[in-house]
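Peer 1: can't give you the sequence, but here's the structure:
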């Protein structure tokens, strides 16, 4: 898992005129660099990810303009490209069961595919965010729980 | 599904697998392709009957068997096409056979069915890909769409309860793009979603060659890109 600095997600969402995420939310492609919301698209897997997580009791938001749906990218690759998933601080409270549920569900869904997954996490009370990138077999996703937990609860 | 129908399925499939080698007589393979057509038709009828009795689990299980029968039929067609010197048709049959087995496995996992043998059959097909056919250059399309419709209910995929890749009422849910598809790039990729998307002609030095046969051909470099249906 590779960890790099990332934009403050709620602040950036406000700048772009998007719904500010709470909980688990799917970020559109280009979220960190886009000049405006018109430049944003959602990953093709975003809709399915929302559904499979919801089926496991995890509510998922799509970060997009209020009342408007962003277009969807269509990438025809065998690899499963998971959009950047924002995990709000509340996800890491207690045993971080929400984070574990997200990772387990994605891992089970992707089965034997290779996945590219990224998670945006707030790591300090100052609003510092990081992005954690993973690329590898779907089975490796569940093993990220502890590392993401350390990031999200500010222990890194 | 009734036990006698399961036994009939197993018997035909076992016989078909015995013929699924390049050395087997073409006329026997042709005949088996016809028998598998009949089997697939009868599975389709059985599936409709189960749906009529609101037995979704049964219908999905029959769909799994249908996909498996189709995969084996395509494997026979692949060998037949190669023997008839039609490698393009053979490649398409191979890729569709692999997709059919993967779909059967996915449905099997969903329905909690023991799939002993499915993995092995997929490995065999992947082995054929790597040893019988020359290495391929795959391409993948990147595009943008406004949305998708659900192939099960016809509604906006974003709003319905169906999940792409899962079987419902004997049919696998697929996302159908809606509106214009804005192509924004074509890339060479190692693992395409659709292995039919590949370079078919390529210049080697001063000579344009067919990637499969290696014969010199007229014209410019070209590739096949499949548009999702």
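Peer 2: Arrived safely, thanks for sending. Treat the numbers as computed from the prediction; the structure is a model and nothing was measured.
Peer 1: Distance check, residue A:110 against residue A:39.
Peer 2: Between residue A:110 and residue A:39 the distance is 28 Å, computed by CB to CB, to the nearest Å. Quick note: C-beta positions are derived from backbone N, CA and C, even for glycine.
Peer 1: do the same with residue A:150
Peer 2: 33 Å.
Peer 1: which residues touch the closest residue to residue B:20 other than its chain neighbours?
Peer 2: The shortest distance from residue B:20 to any non-neighbouring residue, by CB to CB, 6 or more residues apart in numbering or on different chains, is to residue B:75 (4.9 Å). For residue B:75, the contacting residues are B:20, B:93-94, B:97, B:125, by CB atoms under 8 Å, 6 or more residues apart in numbering or on different chains.
Peer 1: Check which residues of the helix or strand hosting residue B:75 are buried.
Peer 2: In this assignment (DSSP states H and E), residue B:75 forms part of helix B:56-83. Applying a neighbour-count criterion of 16 or more other CB atoms under 10 Å in any protein chain shown, the buried positions in helix B:56-83 are B:58-82.
Peer 1: which element follows it toward the C-terminus?
Peer 2: helix B:87-111.
Peer 1: can you count the residues close to the residue nearest to residue A:107 when sequence neighbours are not counted?
Peer 2: Leaving aside its sequence neighbours, residue A:107 sits nearest to residue A:141 (CB to CB, 6+ apart; 4.1 Å). By the measure other CB atoms under 10 Å in any protein chain shown, the count of residues near residue A:141 is 24.
Peer 1: How about residue A:42?
Peer 2: 23.
Peer 1: ok, now residue B:174?
Peer 2: 16.
Peer 1: which phi and psi does the closest residue to chain A within chain B have?
Peer 2: Relative to chain A, the nearest point of chain B is residue B:191 (3.7 Å; CB to the nearest CB). Taking degrees, to the nearest 10, you get phi -130, psi 90 for the backbone angles of residue B:191.
Peer 1: in chain B, what secondary structure element scores lowest on mean pLDDT?
Peer 2: strand B:222-224 (a mean of 69; mean pLDDT, DSSP states H and E).
Peer 1: no no, chain A
Peer 2: Ranked by mean pLDDT, DSSP H and E, the weakest helix or strand in chain A is strand A:72-75, scoring a mean of 82.
Peer 1: Neighbouring strands - and their directions - for the helix or strand just after that one?
Peer 2: Sequence-wise, the next helix or strand downstream of strand A:72-75 (DSSP H and E) is strand A:80-87. Strand pairing for strand A:80-87, using DSSP bridges, gives strand A:24-26 (antiparallel), strand A:114-122 (parallel).
Peer 1: ok, residue A:91 - contacts?
Peer 2: Residue A:91 neighbours (CB under 8 Å, 6+ apart): A:23-24, A:98-99, A:102, A:152.
Peer 1: what's the closest of those to chain B?
Peer 2: Checking these one by one against chain B (CB to the nearest CB), the nearest turns out to be residue A:102, at 16.0 Å.
Peer 1: Look up the closest residue to the residue nearest the centre of chain B, ignoring the ones flanking it.
Peer 2: By CA atoms, centre = their mean, chain B has its centre lying nearest to residue B:96, at 2.4 Å. Nearest in space to residue B:96, with sequence neighbours left out and distances taken as CB to CB, 6+ apart, is residue B:74 at 5.2 Å.
Peer 1: so that neighbour sits right up against residue B:94, yeah?
Peer 2: Yes: with contact defined as CB atoms under 8 Å, residue B:74 counts as touching residue B:94 (7.5 Å).
Peer 1: part of a strand, is residue B:177?
Peer 2: Yes: assigned with DSSP: H, G, I helix; E, B strand; the rest coil, residue B:177 falls within a strand.
Peer 1: how much space between it and residue B:149?
Peer 2: For residue B:177 relative to residue B:149 (CB to CB), the value is 8 Å.
Peer 1: More neighbours: which of the two?
Peer 2: residue B:177 (20 against 17).
Peer 1: ok, the more buried one - contacts?
Peer 2: By CB under 8 Å, 6+ apart, residue B:177 lies in contact with A:74, B:145, B:147-148, B:228.
Peer 1: Now for those: which two are most distant?
Peer 2: The span of those, defined through CB to CB, is set by B:147 and B:228 at 13.5 Å.
Peer 1: I'd like to know how far the closest residue to residue B:201 other than its chain neighbours sits from residue B:205.
Peer 2: Excluding its sequence neighbours, the residue lying closest to residue B:201 (CB to CB, 6+ apart) is residue B:222, at 4.8 Å. Distance of residue B:222 to residue B:205, computed by CB to CB: 18 Å.
Peer 1: Between these two, which is the more surrounded one?
Peer 2: Using other CB under 10 Å as the criterion, residue B:222 and residue B:205 rank with residue B:222 on top: 12 against 6.
Peer 1: give the contact list for that one.
Peer 2: B:199-201.
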